[in-house]
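A.B. asks: Pasting a predicted model and its sequence here:
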Amino acid sequence: KELVQVYRHHSQALSNYLKAHGEAGCAHTQAKILRNVRNSALKLYTTFIQAKTSSNVIIGDTFVPSLMDTVLLDYETSIPDAREQEVLRLFATIVAKLGADKA
């Protein structure tokens, strides 16, 4: 839960920064730092889900709902230049992991 809060906090800070500086703000150091923190959080989630070999129910019931509420909404509402491709990797990993349970 704390990692989702870190992601949410930095996403909100990035959103506020880009509202103040426009799309050109994506190239600023401050925006790059905020995006780096968000991207690192996404990579941690991806790595955790890849490494979790048992109890996919926990992943599906615990992590996926909060990730969908926070990360996908952020991805949808972000300007295109501020969207992280790591979001797509994370959800591809989730689908692959949970899909393996269904097979």
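C.D. replies: Cool, got the structure.
A.B. asks: which residues of this structure score low on pLDDT?
C.D. replies: Judged by pLDDT under 70, the chain has its weakly predicted residues at 53-54, 100-103.
A.B. asks: quick one: the helices in it?
C.D. replies: For the chain, the helices defined by DSSP state H occupy 2-21, 29-51, 56-58, 64-67, 73-77, 85-102.
A.B. asks: need the ones you listed in JSON lines with mean neighbour count, can you?
C.D. replies: Quick note: C-beta positions are derived from backbone N, CA and C, even for glycine. Below are these laid out as JSON lines (neighbours: other Cβ atoms under 10 Å):
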{"stretch": "helix 2-21", "mean neighbour count": "16"}
{"stretch": "helix 29-51", "mean neighbour count": "16"}
{"stretch": "helix 56-58", "mean neighbour count": "13"}
{"stretch": "helix 64-67", "mean neighbour count": "16"}
{"stretch": "helix 73-77", "mean neighbour count": "14"}
{"stretch": "helix 85-102", "mean neighbour count": "14"}
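A.B. asks: Quick check: Lys19 vs Lys52, distance?
C.D. replies: 37 Å (Cβ to Cβ, to the nearest Å).
A.B. asks: Residues touching stretch 73-84, excluding its own?
C.D. replies: The contact list for stretch 73-84 (Cβ atoms under 8 Å, 6 or more residues apart in numbering) reads 7-8, 11, 14-15, 18, 23, 26, 31, 35, 38-39, 42, 87.
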